[in-house]
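1. Structure, please.
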Amino acid sequence: MPEGPRTREVPLRRGRLWLEPQGFRFAARGGSASSGRYCRYDDITHLGTVKGGLWIGTRQGSVVLHRSRFEEADDPEWLADWLLRTIGRSPAGDEQLARIASIDDLVRSPLPRVATTVLAMLCGLGMWLQFYQPFVGEVAAFAPSLVAEGEWWRIWTGSLLHSPFLFPIHLLSNLALILGFALLVERPLGPLATTVIIGASVVGAMSFSAFAGYEQVIGASGIAAGLVGAVMCLDLYFSEYLPAWWRLPRRMFISVLLLQVAFDFLMPAVAGAAHMGGFVAGFFTTQLVAGPALRRSPQPNWVKLCCAAVVGTLLLSLLAPVPLLRREGGAMARHARVLLLVPNVTALRYNEIAWRMATESDATHEELLIALEVAERAVYDSDRMDPDILDTLAEVQYVVGDQQAALRTIDEAIGISLGEKYFIQQRRRFTGERGWEDRPRSPRLPWILRNPASEILQAQGIEV
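-> Just a heads-up that it's a prediction; the model follows:
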């Protein structure tokens, strides 16, 4: 290997490498010295050998020289040593070597990954709750109209839920991104700064979703996008603090991001605005919090306060919907009133809350009158064509003590369903032939899936 500053070519099996007085130049197979990629020695931010070969980090990106490229097995170690000695001979070489040594210390003792690990566990818990208690989706999904009416916790809890219909793809893809980018964010920045970035990503994702007009959003993809933004920010503005092998190839990274943006906004089921909001928030928040963390300086008090605010708000958000999940009558009635106030609520959503209030909650008579109003709204919005929704109205009427109204409504459901056994048994309960608590088992499938042809014909006014 060369021992001085004069230009020398390092023999490689694939590609060509020239060591020049002020920098090195690398070209792929068949390239010439004039066409190769050039990097000055004083632009090197970190270098080191690993099992795969030699990694050289620069302010513009990183260069990877795999061990298989070299003629001899120990050539990567000789080249790394030569580059370090060349840097040391420059006027600012001692300072540059000190920064490289501090990065080596970071590699040996990375900061713990507490924030992203806890986040992954909460996402897993949220998915389990959605299967164990599906009502979680109703009370915790992010819905801008409900947040505006006081259900603020949805800003945070919506990021912890994922689609049961896309299980496990939706959950695992987000967790893979979060835990993967945690290697590049939380290892150098630590839990405090990463928690602030996650919190900002949540707010950014949900804010952009609200501005985009989304009616409902769930998923941690906004947080994942925030961590991607953090990685981009670190590579653009703080590359001198990062190990060479913790950085992604910049051109490839940007190309993949552009493809992802195109995919997000072309796919109707993907919340592209949430991804964009998370990315923007993560990027700019990282600019604010990364410096002290990377320099291993104590975090400013405002970062600690922001971290405490994120953790505190998250804990309160996890506790706020508990009364709803416990089916407390007052909480259910408040939620029902909110549903009556906001636009674009489906008949099925009205139906669910009315049914749960009548059959699962400890609601008082006054609170059940709210359930009655919600059930009537569901029947009206479904044009009195869905016997399941009529059954809910009949149930609420029966529970509030209006037996005659319950019988009229259930008879209507029996007529539409052509005498389905469940509705007949409900009528027997309303007449007293079955006990008050002897409610027949509800059909497992909704009406349109049990008898879709009848639903379509009825909607067209054709007798069946």
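
2. Where does the prediction get shaky in the chain?
-> For the chain, applying pLDDT under 70 flags the ranges 1-6, 29-35, 452-464.

3. All the strands of the stretch 51-200 of the chain, residue numbers only.
-> 53-58, 61-66 (DSSP state E, counting those that start in this stretch).

4. most neighbours per residue, which of the ones you listed?
-> strand 53-58 (a mean of 22; mean count of other C-beta atoms under 10 Å). The way it works is simple: take the backbone N, C-alpha and C, and place the C-beta from them, glycine included.

5. Export that strand to PDB, keeping only CA atoms.
-> Only the C-alpha atoms of strand 53-58 are listed here, as PDB (Å, rounded to 0.1, in the frame of the first residue of the first chain):
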ATOM      1  CA  GLY A  53     -14.900  -4.400   4.300                       C
ATOM      2  CA  LEU A  54     -14.000  -0.700   4.600                       C
ATOM      3  CA  TRP A  55     -16.600   2.000   5.200                       C
ATOM      4  CA  ILE A  56     -15.700   5.700   4.600                       C
ATOM      5  CA  GLY A  57     -18.100   8.300   5.700                       C
ATOM      6  CA  THR A  58     -17.900  11.800   4.100                       C
END
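
6. what does it contact?
-> Under the contact criterion C-beta atoms under 8 Å, 6 or more residues apart in numbering, strand 53-58 has outside partners 39, 43-49, 62-70, 76, 79-80, 83, 239, 242-245, 247.

7. Against Leu179, how distant is the nearest residue in space to Arg295 that is not next to it in sequence?
-> Leaving aside its chain neighbours, Arg295 sits nearest to Tyr241 (7.3 Å; criterion: C-beta to C-beta, 6 or more residues apart in numbering). According to C-beta to C-beta, to the nearest Å, Tyr241 stands 22 Å off from Leu179.

8. hang on, Ala405 packs against Gln397?
-> Yes - if you go by C-beta atoms under 8 Å, Ala405 and Gln397 touch, sitting 4.4 Å apart.

9. which of these two has more neighbours?
-> Shown here are Ala405 and Gln397; by other C-beta atoms under 10 Å, Gln397 has more neighbours (24 against 17).

10. ok so, going back, just put the strands of the stretch 51-200 of the chain in TSV and tack on distance to Met332.
-> Output for the strands of the stretch 51-200 of the chain, formatted as TSV (distance: least, C-beta to C-beta, whole Å):
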stretch	distance to Met332
strand 53-58	57
strand 61-66	56
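
11. Asp411 is nearest to which of the ones you listed?
-> strand 61-66 (74.1 Å; C-beta to C-beta).

12. which helices and strands does the closest one pack with?
-> On a contact count with 3 or more C-beta pairs under 8 Å, 6 or more residues apart in numbering; DSSP states H and E, strand 61-66 meets strand 53-58.

13. so the strand it packs on versus strand 61-66, what angle?
-> Following axes from the mean of the first three to the mean of the last three C-alpha atoms, to 10 degrees, one obtains 170 degrees for the angle between strand 53-58 and strand 61-66.

14. next one: strand 53-58 to chain centre, how far?
-> How far strand 53-58 lies from its chain's middle: 32 Å, per C-alpha atoms, centre = their mean, to the nearest Å.

15. again, but for stretch 404-422
-> Relative to its parent chain, stretch 404-422 has a centroid offset of 44 Å by C-alpha atoms, centre = their mean.

16. tally of neighbours for the closest residue to Asp381 other than its chain neighbours?
-> Among residues not flanking Asp381 along the chain, Ala347 sits closest, at 4.0 Å (C-beta to C-beta, 6+ apart). Each residue near Ala347 was counted by other C-beta under 10 Å, and the total is 17.

17. any idea how far Ala347 is from Arg450?
-> 17 Å.

18. my guess is Gln426 meets Ile410, correct?
-> Yes - the criterion here is C-beta under 8 Å, and Gln426 meets it with Ile410 at 5.5 Å.

19. before we move on, the earlier item: right, and the strands of the stretch 51-200 of the chain - which one's nearest Ala210?
-> strand 61-66 (36.6 Å).

20. list the helices and strands the host helix or strand of Phe253 packs on?
-> Assigned by DSSP states H and E, Phe253 belongs to helix 250-266. The helices and strands touching helix 250-266, judged by 3+ C-beta pairs under 8 Å, 6+ apart, are helix 221-237, helix 272-294.

21. tilt between the first one and strand 53-58?
-> Right, helix 221-237. Using the same axes, to 10 degrees: helix 221-237 against strand 53-58 is 80 degrees.

22. Helix 250-266 and helix 221-237, what's the angle between them?
-> Going by the same axes, to 10 degrees, helix 221-237 makes 150 degrees with helix 250-266.

23. Contact partners for Gln287?
-> So Gln287 contacts 233, 237 (C-beta under 8 Å, 6+ apart).

24. Ok, Ala193 next?
-> Residues in contact with Ala193 (C-beta under 8 Å, 6+ apart) are 286, 289-290, 293, 299, 303, 307.

25. from these, which is closest to Leu12?
-> Within those, proximity to Leu12 (C-beta to C-beta) peaks at Ala290, which comes in at 35.7 Å.

26. what number of residues lie near the closest one?
-> A count of neighbours around Ala290, defined by other C-beta under 10 Å, yields 21.

27. since we're on the nearest residue to it once chain neighbours are set aside, how many residues are nearby?
-> Nearest residue to Ala290, sequence neighbours excluded (C-beta to C-beta, 6+ apart): Phe238, at 5.3 Å. By other C-beta under 10 Å, 19 other residues sit near Phe238.

28. before we move on, what about Leu84?
-> 17.

29. Kindly report the same for Ala141.
-> 18.

30. Run through the residues that contact it.
-> Per C-beta under 8 Å, 6+ apart, neighbours of Ala141: 154, 157-158, 161, 216-218.

31. In PyMOL, select just the buried ones from these.
-> Typed into PyMOL, the line below selects the buried ones among the contacts of Ala141, using 16 or more other C-beta atoms under 10 Å:
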select buried, resi 154+157+158+161+216+217+218
